[in-house]
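1. The following comprises the amino acid sequence and a computationally predicted model.
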Amino acid sequence: MNIHEYQAKQLLKKFGVRVPEGRLVEEGSDPKDIPARAEKAAQDLAKSQGNAVWVVKAQIHAGGRGKAGGVKVCKDLSGVKAAAGEIIGKTLVTPQTGAHGKKVHKVWIEEGSDIAREFYLGVVIDRALSQVVMMASTEGGMEIEEVAAKSPEKIIKVAIDPTLGFMPFHGRKLAKALELSPEQTKEAIGFFKNIYRCFIEADCSLIEINPLILTRKGNLVALDAKFNFDDNALFRHPEIVEMRDLQEENPQDIEASKYDLAYIALDGTIGCLVNGAGLAMSTMDIIKLHGGEPANFLDVGGSASKEKVAHAFKIILKDPHVKAILINIFGGIMKCDVIAEGVIEAARDLALQVPLVVRLEGTNVDRGKQILASSGLKITPADDLTDAAKKVVAAATKNFNRS
Ligand code: GDP
Ligand code: MN
C-alpha cells in the first residue's frame, strides 16, 4: 500500500523526524474557490511558522513531480493562489505515472526550506541479507536509479541486524558518507535512528527520503517522503489503512482487493481466470507460447466461493482490452461445479460478449462441464492446457480483427 507525501510526513513527525509544516488543500466540490482556500491555508501556516516562502506540492502516488510542474516555490500569497489553482485538476505525466499521467486532486502547501545541501536516504529490506538496509547518497534530488547505474560507489549502505537494531556506528558511517560535520553527525544519528524505528514499527517495506536536506541553519529535514507498507501487516495498523486513497488506485485492483483476489492488470487481450498462482503463471506462459498476450494475472485461490468467482470474472470483463477469456481450473479443494456456477452467474449478469474457453479438470469435473453445457452460453471447451491456449489465442485474434 502507498500513501501520499503529506501523510508520510505526518507519520515521520510522530516518530520524531523533522519535516516542514504544511496544510492540505483539496479539490472540493467547487474548483473556483481553490485559490481562496489555498490563500487561507498559506496565511494560517505563516501565522504559526513565520515563513515568507511557501511550496505548493501536487499530492499523487508518484514521484518525479518536480520536473513535471507539480512542485512550485512561491514567494507571495498571489503565487500560492495561482499555483494551487493551476496544479489541482492538472494531469501530471512523470516517469512514474505511465503515459496517461495522474490527475491531481489535492496539494500540500508547505513552509519553504532554506536548502544548503540535498541528499538521498532510502530504507529497504535486503532479501539476500535478510536485513533492513539503510542507504544514503550525496546525490540527492536526482533519480536514485540513475545514480545506482552510473556511479554506484556514491551510494553507501549499512545493513542493520534486527536483534541489535540501529546502532550509532551505522549512523556515523552514513553521516561520514554525506560529509557532515561532527555536530551534524550527532543530529544525523538520531534522525536515522528515528527513521529506522518508523520503518520497523509501521511495518514498512520501503521508505525513501529524496531529498533529505541540510538547511543553512544546519538542520536535517525530510523534504520529500515515499512509503510502501507490507500489505500482510496492515491488519495491525488501522491508522495506516485509513490513509489509503482509493482515488489513486486502479479500479480493478480495488475490486480485487475487496474480494481478496490476487489480480494484476497486464497489457494483453486474453483474460485469465485460474486457481493457484503456479497454474496462473503457467497459463500465462502457454498463452504467450502460442502467440497470445495475457490481459491479467488472476488467482482466485484454492477455495473460492461462487460469489468470489463471479466477482473475479466481472473484474476481467471490465478491462476493455479483453478479447477472449480463458478459464483454467484444476479442481482440488476447489470444485469444478462451483466455478461453473460462478462463471454462469457473472456471464448472465454482464451479458457476456467475448468468447470464452474453459478447461476444467479435477473434483466434480463432469458436473461442472454439464452445468456449462446446459447454460446456453457460447463456451468452447478444451481438453488440456495446450488445446485451451490454442483455442483462446485463435478466438482473441478473430475477435480483435472484428472489432
Ligand atoms: P518529486 O519531484 O516528486 O520527487 O518532489 P520533491 O518533493 O522531491 O521536490 C522536487 C524538488 O523541489 C526538490 O528536490 C527540491 O529541489 C525542490 N523543493 C521542494 N521543496 C522545496 C523548498 O521548500 N525550497 C526549495 N528551495 N526547493 C524545494
Ligand atoms: Mn523527491
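-> Perfect, I can see it now. Numbers count the residues shown, from 1 in each chain. Ligands and ions are numbered 1, 2, ... in the order given.
2. helix/strand/coil for H321?
-> Classification of H321 into helix, strand or coil gives coil, according to DSSP: H, G, I helix; E, B strand; the rest coil.
3. That one: neighbouring residues, count only.
-> Counted with other C-beta atoms under 10 Å, residues neighbouring H321 total 15. Glycine gets a C-beta too; all of them are placed from N, C-alpha and C.
4. so it touches T269, yeah?
-> Yes: under the criterion of C-beta atoms under 8 Å, H321 is in contact with T269, at a separation of 5.6 Å.
5. Spell out which residues are contacts of both of the two.
-> Counting by C-beta atoms under 8 Å, 6 or more residues apart in numbering, the residues touching both H321 and T269 are A295.
6. What ranges does the stretch 1-150 of the chain have for its helices?
-> Defined through DSSP state H, counting those that start in this stretch, the helices belonging to the stretch 1-150 of the chain, from first to last, are 5-14, 34-49, 77-87, 144-150.
7. Run through who's touching the second one.
-> Looking back up the chat, that one is helix 34-49. Outside helix 34-49, the residues touching it (C-beta under 8 Å, 6+ apart) are 21-25, 27-28, 51-52, 54, 56, 74, 77, 80-85, 88, 107, 109-111.
8. OK, contacts around E248?
-> When contacts are counted by C-beta under 8 Å, 6+ apart, E248 touches 2, 4, 60-61, 102.
9. do A177 as well
-> With C-beta under 8 Å, 6+ apart as the criterion, the residues that contact A177 are 136-138, 156.
10. For the residues you listed, which two are the farthest from each other?
-> Of all pairs drawn from the contacts of A177, the one with the longest distance (C-beta to C-beta) is T138 and I156, at 9.1 Å.
11. Quick one: the helices in the stretch 251-400 of the chain, in order.
-> Along the stretch 251-400 of the chain, the segments classed as helices by DSSP H, counting those that start in this stretch run 251-258, 277-289, 306-318, 336-349, 365-373, 385-402.
12. follow-up on the earlier one: so which of the contacts of E248 sit within strands?
-> When the contacts of E248 are checked against strands (DSSP state E), the matches are K102.
13. Save the contacts of E248 as a markdown table, and put in neighbour count, distance to T363 and pLDDT too.
-> Shown next, in a markdown table, are these (neighbours: other C-beta atoms under 10 Å; distance: C-beta to C-beta, whole Å; pLDDT from 0 to 100):
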| residue | neighbour count | distance to T363 | pLDDT |
| --- | --- | --- | --- |
| N2 | 17 | 39 | 92 |
| H4 | 22 | 46 | 97 |
| I60 | 26 | 46 | 96 |
| H61 | 17 | 41 | 94 |
| K102 | 22 | 44 | 92 |
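14. Need the contacts of E248 in a markdown table (columns: distance to ligand 2).
-> Formatted as a markdown table, the entries for the contacts of E248 read as follows, by distance: C-beta to the ion, whole Å:
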| residue | distance to ligand 2 |
| --- | --- |
| N2 | 14 |
| H4 | 13 |
| I60 | 12 |
| H61 | 13 |
| K102 | 15 |
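15. which one among the contacts of E248 gets closest to ligand 1?
-> I60 (8.5 Å; C-beta to the nearest ligand atom).
16. so who does that closest one touch?
-> Applying C-beta under 8 Å, 6+ apart, one finds that I60 lies in contact with 4, 70, 92, 97, 102-104, 248.
17. which bits of this protein sit near ligand 1?
-> Listed as neighbours of ligand 1 in the chain under the rule C-beta under 6 Å from any ligand atom: 55, 57, 63-66, 71, 73, 112-113, 115, 118, 141, 210-211, 223-224.
18. Only the buried subset of those, as a ChimeraX command please.
-> A single ChimeraX command suffices to select whichever of the residues of the chain next to ligand 1 are buried according to 16 or more other C-beta atoms under 10 Å:
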select :55,57,63,65,71,113,118,141,210,211,223,224
